[in-house]
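1. Quick one, structure for this:
(4 chains)
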Number of protein chains: 2
Amino acid sequence: MGDSKIRNMEEFAAKSGVSRPTVSKYFNDPGSVRPATRTRIEEALKQYDYRPNIYAINQNRRLTKTIGIVVPYLADPFFAEIARNLENRCLDAGFSPSLFSSHGRPELENDILDNLRSMRPAGVLLAPLGRASDKTTLEKFCADIPTVLFDSNIDGIGSAFIGMDNGQSITMLVDYLHRTGEPPCFFEIRNAANPNANKRRIAYLNAMAQFRLRPQVISVDGAGWDFEDTGYGEGKKVIAAKTFATNTVLCSNDRLAIGLLSAAFELGISVGHDPANAMRIAGHDDHPFARFTCPPLTTVAQDYAAISDRSVETLFTMIDGGETPKTRSETLFDGTLVMRASA
Amino acid sequence: MGDSKIRNMEEFAAKSGVSRPTVSKYFNDPGSVRPATRTRIEEALKQYDYRPNIYAINQNRRLTKTIGIVVPYLADPFFAEIARNLENRCLDAGFSPSLFSSHGRPELENDILDNLRSMRPAGVLLAPLGRASDKTTLEKFCADIPTVLFDSNIDGIGSAFIGMDNGQSITMLVDYLHRTGEPPCFFEIRNAANPNANKRRIAYLNAMAQFRLRPQVISVDGAGWDFEDTGYGEGKKVIAAKTFATNTVLCSNDRLAIGLLSAAFELGISVGHDPANAMRIAGHDDHPFARFTCPPLTTVAQDYAAISDRSVETLFTMIDGGETPKTRSETLFDGTLVMRASA
DNA sequence: CTAAAATATTTGCGCGCGTAAAGTTTTTAT
DNA sequence: ATAAAAACTTTACGCGCGCAAATATTTTAG
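-> Residues are numbered from 1 along each chain as shown, chains lettered A, B, ... in the order given. Here you go, the predicted model:
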């Protein structure tokens, strides 16, 4: 363990019997020094636990080894889970991830990006708030820092977008629901901030048209990120008013579905795939808790791992390549149908 | 907006017609310079959006304005919510919070603390993994950096602990369940990492003794942080085996209860406070999703705001005071009974 | 209006490390 | 064994700012 305290790289270099520039080289890439030298440094490292001062390092490097990760709302387990995957992959690649949540607040998103810019990160993985985001700020930021967008696509922002194919997933879900019972109504939050919400409504309308079914979109008011609460409160009203044209409801996302399930339960309406039940409810995303609702939620699974992996890979190739690619790429992954008891 | 680019404080000072040291003083505390000078700086700030280099600042300051926040598992909405509160309070106080999740892995917790130490933060708010934590590392860390523990108490670690009074909360819950029906069995994960689990079991046993009731603790195996999964899988076995001595189950935490609710539902066992139901299930924590389970979960609410506020306050007084207090303080908040339909 | 107090400025050092150039030693290839 | 290549050492500068001391200016008090 540590004996006397080492104050800087100079002192440490003296202790290890290697010159300071070589020690510096070692810390930037241990493989870049001769094996014999490496051993000497690492021996010294065991004796005098020394770490280079990160602030001094970052001040002098043109680019840091930091990767910024920004999500719109970390208290949403979906983003928490994605963030966890992203963090792990960055760590594996030798970068230090720095995690930020906009907490649903556009001003905070701007502040975070401002802070991030002054951190001179190697790159940023950004899931923007969406409609609420300040596009000008986003645009400026992406011009300066290699940025990969994920989850929420905003046209023209960032050098790449990784997300899921809402058209594919919703069509599949509509198809399934239609084959197994009454065609679905679509339950969503009006003017939702997340751009996926829009795409899903449109995908629903297209799918229904394709299957020659009459669509019904129920848009309810709801602010903020308390989707369960909106699903519950507004769902109760809609169910009580018997607004749903069919017994099957496709929710814009799982959190809304969880709220709607809760509303149905309270009103004594049985939900389930079995025809004995009064209602069927399906969601979208395969939220971490969707397996544990009562009844368990039928939904479309997003491929968390694939989205995380591809986002990080895309960013790393951008970083390695040196410059931002000419053309903006969009990668969409297919969802997987998860048949559970609710629909 | 920004005209020509400012490279450093020297250039910016020239543009604003103020000397560099004064500008430096301004950025450390805008109120410490004369109003006239302040105006001149802020006028210049509007023209040439300049920000001091954080790395240069942090390298030269003895203490940074960073507050480290470390939670054991961010994908648990309980910690996500606490983290959100803590972040906001740090921001309000002019600090920059830096959020880390140990993701349930002790090595990662150690790495995070190592990184954090080299960041020379003004202070750290730490919710340790608990039993799995490397106590030696924690101890060393707390000796160097002002640290407030929250949620999980580890004897002697950190200068203060802020959490909830498991004795009070569990006693209240046992009392309530006993008054309104059969006395509760206690459902928990064997050898849980979190120290609260232990305290709750003991509190349960004490409470049952106090009310002269026969206790029954059911400890199931479960690794990791997938509490719902454990509650569901093991819960199904326990219910099927009719192990529970009474019809009332008090779960060690809400996430376990959510899993158990799911198990009961699958087995066709109706859960609810109403005597018509076959079973009653209660949880602990008032997890963000507890309101939306079917039936909604009766539980004890932790006072998120109080715990966050007090943790931050305690840390700030430590930071202001300069040195760590002689005596370690422990602050425990009472829980609030939340009566919902499940028990 | 003058002295005292408060605030600015000037000057200059230091933080810990990246990095480049020139010279030296070691390794690898022929 | 010798030349070429690779790795290392030495030397030196610069990054952008904190901070301290001495000096100059402005504000406030009497």
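2. Find the nearest non-adjacent residue to A:P30, please.
-> Nearest non-adjacent residue to A:P30, counting by Cβ to Cβ, 6 or more residues apart in numbering or on different chains: A:R38, 6.1 Å away. Placement of C-beta: from N, CA and C, glycine included.
3. wait, doesn't that neighbour sit right on A:K25?
-> No. Checked against Cβ atoms under 8 Å, the pair A:R38 and A:K25 is beyond contact range at 10.3 Å.
4. So which elements touch the host helix or strand of the residue nearest to A:P30?
-> According to DSSP states H and E, A:R38 maps onto helix A:35-47. For helix A:35-47, the contact count by 3 or more Cβ pairs under 8 Å, 6 or more residues apart in numbering or on different chains; DSSP states H and E identifies helix A:9-16, helix A:20-28 as packing neighbours.
5. Provide a complete list of residue ranges assigned to strands in the stretch 101-250 of chain A.
-> Counting by DSSP state E, counting those that start in this stretch, the stretch 101-250 of chain A has strands at residues A:123-126, A:147-150, A:160-164, A:185-189, A:217-220, A:248-251.
6. Nearest approach to DNA strand C belongs to which of those?
-> Minimum separation from DNA strand C across these (Cβ to the nearest atom of the strand) falls at strand A:123-126, 17.0 Å.
7. Is that closest one in proximity to chain B?
-> No. Residues of strand A:123-126 are not located near chain B by Cβ under 8 Å from any Cβ of the partner chain, the shortest gap being 15.1 Å.
8. since we're on A:T39, how many residues are nearby?
-> A:T39: 12 surrounding residues under other Cβ atoms under 10 Å in any protein chain shown.
9. Run a quick neighbour tally on the nearest residue to A:V174 once chain neighbours are set aside.
-> Leaving aside its chain neighbours, A:V174 sits nearest to A:A207 (4.0 Å; criterion: Cβ to Cβ, 6+ apart). By other Cβ under 10 Å, 24 other residues sit near A:A207.
10. likewise the one 3 residues further on?
-> Other residues within reach of A:Q210 by the criterion other Cβ under 10 Å amount to 11.
11. Show the pLDDT at it.
-> What the model reports for A:Q210 is a pLDDT of 96.
12. Show the contacting residues for it.
-> Counting by Cβ atoms under 8 Å, 6 or more residues apart in numbering or on different chains, A:Q210 makes contact with A:T171.
13. residue of the stretch 101-250 of chain A with the smallest distance to DNA strand C?
-> For the stretch 101-250 of chain A and DNA strand C, the shortest gap (Cβ to the nearest atom of the strand) falls at A:R120, measuring 12.2 Å.
14. Check the closest residue to that residue other than its chain neighbours and give its pLDDT.
-> In space, and not counting its chain neighbours, A:R120 is closest to A:T64: 5.4 Å by Cβ to Cβ, 6+ apart. Note on A:T64: pLDDT of 90.
15. Quick check: A:T64 touching A:N58?
-> Yes. Between A:T64 and A:N58 a contact is recorded at 4.7 Å, counting by Cβ under 8 Å.
16. what residues are shared contacts of the two?
-> With Cβ under 8 Å, 6+ apart, A:T64 and A:N58 have common neighbours A:119-120.
17. Which residues of the stretch 201-343 of chain A lie near chain B?
-> So the stretch 201-343 of chain A meets chain B at A:228, A:232, A:258-259, A:261-262, A:265-266, A:288-289, A:291-296 (Cβ under 8 Å from any Cβ).
18. Farthest-apart pair in the residues you listed, please.
-> Largest separation among those by Cβ to Cβ: A:E266 and A:P288, giving 23.4 Å.
19. higher neighbour count, those two?
-> Between A:E266 and A:P288, counted using other Cβ under 10 Å, the more crowded position is A:P288 (19 against 16).
20. Would you mind giving the secondary structure of that one?
-> Secondary structure state of A:P288, per DSSP: H, G, I helix; E, B strand; the rest coil, is coil.
21. What of A:E330?
-> A:E330 - assigned by three-state DSSP - is strand.
22. need the contact list for it.
-> A:153, A:160-161, A:163.
23. Just put these in TSV and tack on pLDDT, neighbour count and distance to A:V220.
-> Formatted as TSV, the contacts of A:E330 follow (pLDDT from 0 to 100; neighbours: other Cβ atoms under 10 Å in any protein chain shown; distance: Cβ to Cβ, whole Å):
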residue	pLDDT	neighbour count	distance to A:V220
A:N153	95	20	24
A:A160	95	22	34
A:F161	96	21	28
A:G163	96	22	24
